[in-house]
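> the sequence isn't on hand, but the structure is:
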């Protein structure tokens, strides 16, 4: 695993989107690439659907 995130990404990311399989796949892919969960997910309701956010950090990030 590299010391820096892939694809020129910053070491902290907040993934957001509707609470569906697509969002779960994005988080799962980030974990597969080496990112680590940072904190608990956040959920909100926008009047139509549940929106979720999950922060991820690259290992070694001290933020």
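Cool, got the structure. Note that the structure is a prediction, hence the values are computed from the model and not measured.
> quick one, strands of this protein?
12-18, 36-45, 50-57 (DSSP state E).
> residues in contact with the residue sitting furthest away from the middle of the chain?
The C-alpha centroid of the chain is most remote from residue 47, which lies 23.2 Å away (Cα atoms, centre = their mean). If you count contacts by Cβ atoms under 8 Å, 6 or more residues apart in numbering, residue 47 has none. Bear in mind the C-beta positions are built from the backbone N, C-alpha and C, glycine included.
> distance of it from residue 54?
21 Å (Cβ to Cβ, to the nearest Å).
> what does residue 42 give?
8 Å.
> higher neighbour count, the two?
Taking neighbours as other Cβ atoms under 10 Å, residue 42 and residue 54 compare with residue 54 leading, 22 against 12.
> dig out what residue 54 forms beta bridges with.
In this structure, residue 54 bridges to residue 15 when assessed by DSSP bridges.
> hang on, it packs against residue 37?
Yes - counting by Cβ atoms under 8 Å, residue 54 touches residue 37, with 6.6 Å between them.
> contacting residues around residue 11?
Counting by Cβ under 8 Å, 6+ apart, residue 11 makes contact with 4-5, 57-58, 60-61, 63.
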